[in-house]
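Undergrad: give me coordinates for this.
(2 chains)
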Amino acid sequence: MEGVVALSTAVAEHDREARFAAFAVSHRERALRLAWRLVGGDAAAAEDVTQDAFVKAYRGLAQFRDEAQLSTWFYRILVRQAYSFLRWRRVRERFGGAVPQDPPDLAPAPTSDPALQRRIADALATLPRTQRDAFLLVHLEGFTVNEAAEIMGRAPGTLKSNLHRARLALRRQLDGVLGETGEKS
Amino acid sequence: MTPREREDLELTGEDARFVERVRSAYTPEPLSAAQRTAFDARLREKLEHPRWRGFWIPAFSAAALAALALWNGLPATQGEAPASVATASAASPAGTAWEQLLFESDLTRVQVGDDSDELPPDYAAIEIAFFDGV
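TA: Below is the predicted model of the structure:
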């Protein structure tokens, strides 16, 4: 009997690992990209944030049989993890000066303009968090309004309003900048 | 997503062009095969050896509590809690905000409908302690 229990435990563990591996592979790129955008283009931080979110997803895997639910939950954690990182970076910078960063593994695209990326990150940072999250999730990451609303814990109508305000605010700040450089992309 | 919902999101030409420009300019380079392998290896390492459980929480707890005590001029020995501590404790009656942050905080317990612009009690305590609520 003990052998059967041990075997079924091993099988369950194997299934869990296989399921997690499939989940991580299918969401790795998108999660890293979203984290990169959330933390303002810091590649090393994006990797840490993403990995920590995956670790939490692994622990909570058993709670979710449905892949869509797991995915929504995972991205909710990822967004929270990113803001947690930003808050702690603020504390560290306040007390320890600038935080030395590892060389980024996730280099920006060779054709991209670091100064322009900085301008965009700065403009995004001026938005209220709900507007920023809505803009990143829907417009840049391609989540549907309903998916983003679930991730953010908001009503879809509220999220659409946030999207509208975010676009207006960002266009006020970036239209001129992107107008000059947009043709390159 | 229904076609109706899709229509609701249909952007005008100017908005669509703007969003596309932001997206293309504000995008990291995709991972190379080697970077993917390295990422997976680091993730596996974190899963197998969760570093923060064994050492960092106790170490960080001690450091944070010491820092807080210094910051507030050792309030326990003066018999009167400063306003910042009182505010933090009021936000979390089950224990101090610091205890909750260090021992109970769990990012997975995300509440649907919570207002993201308002800090949860643990972060509010940090901001009050370190930034005077600014």
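Undergrad: remind me, longest helix of chain A?
TA: In chain A, with assignment by DSSP state H, the single longest helix is helix A:2-38.
Undergrad: downstream of the helix or strand containing residue A:83, the next helix or strand is which one?
TA: Taking DSSP states H and E as the definition, one finds residue A:83 inside helix A:67-96. Toward the C-terminal end, the helix or strand that comes next after helix A:67-96 (DSSP H and E) is helix A:114-125.
Undergrad: any stretches of the chain with poor pLDDT?
TA: As the question left the chain open, I've gone with chain A. Counting by pLDDT under 70, the low-confidence segments of chain A come to A:1-2, A:4-5, A:7-8, A:96-111, A:179-185.
Undergrad: please refer instead to chain B.
TA: Scanning chain B for pLDDT under 70 picks out B:1-9, B:50-62, B:73-134.
Undergrad: contacting residues for residue A:75?
TA: Residues in contact with residue A:75 (C-beta atoms under 8 Å, 6 or more residues apart in numbering or on different chains) are A:31, A:34, A:137, A:143, A:151. In short, each C-beta sits where N, CA and C put it, glycine included.
Undergrad: save those residues as a markdown table, and put in neighbour count too.
TA: Shown next, in a markdown table, are the contacts of residue A:75 (neighbours: other C-beta atoms under 10 Å in any protein chain shown):
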| residue | neighbour count |
| --- | --- |
| A:31 | 23 |
| A:34 | 26 |
| A:137 | 25 |
| A:143 | 23 |
| A:151 | 25 |
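Undergrad: if we can go back for a sec, run the chain-centre distance for the helix holding residue A:83.
TA: Relative to the centre of its chain, helix A:67-96 is centred 8 Å away, using C-alpha atoms, centre = their mean, to the nearest Å.
Undergrad: so for it, what gets flagged as buried?
TA: For helix A:67-96, burial by neighbour count (16 or more other C-beta atoms under 10 Å in any protein chain shown) applies to A:70-86, A:89.
Undergrad: angle of that helix against helix A:114-125?
TA: Computed by axes from the mean of the first three to the mean of the last three C-alpha atoms, to 10 degrees, the angle separating helix A:67-96 from helix A:114-125 equals 100 degrees.
Undergrad: mind checking which helix or strand residue B:39 is in?
TA: helix B:33-48.
Undergrad: next, the angle helix A:2-38 makes with that helix.
TA: Orientation of helix B:33-48 against helix A:2-38 (the same axes, to 10 degrees) gives an angle of 130 degrees.
Undergrad: give me the number of residues near the closest residue to residue A:177 other than its chain neighbours?
TA: Using C-beta to C-beta, 6 or more residues apart in numbering or on different chains and skipping residues adjacent in sequence, the residue nearest residue A:177 is residue A:119, 5.5 Å away. Other residues near residue A:119 come to 18 when the count uses other C-beta atoms under 10 Å in any protein chain shown.
Undergrad: domains in chain A, by residue range?
TA: Domain segmentation of chain A under automatic domain parsing yields A:1-104, A:108-185.
Undergrad: which residues does residue 36 contact?
TA: You didn't say which chain, so I picked chain A. The neighbourhood of residue A:36, defined by C-beta under 8 Å, 6+ apart, consists of A:42, A:43, A:46, A:106, B:28.
Undergrad: ah, no, chain B please
TA: residue A:28.
Undergrad: I'd like the distance between it and residue B:42.
TA: Using C-beta to C-beta, to the nearest Å, one gets 11 Å for the distance from residue B:36 to residue B:42.
Undergrad: what do you get for residue B:32?
TA: For residue B:32, the distance to residue B:42 equals 15 Å [C-beta to C-beta].
Undergrad: before we move on, back to that, buried ones in the helix holding residue B:39?
TA: Buried residues in helix B:33-48 (16+ other C-beta under 10 Å): B:35, B:39, B:40, B:43, B:46, B:47.
Undergrad: keep those residues, but drop any that are not near chain A.
TA: Restricting the buried residues of helix B:33-48 to those near chain A by C-beta under 8 Å from any C-beta of the partner chain leaves B:35, B:39, B:40, B:43, B:46, B:47.
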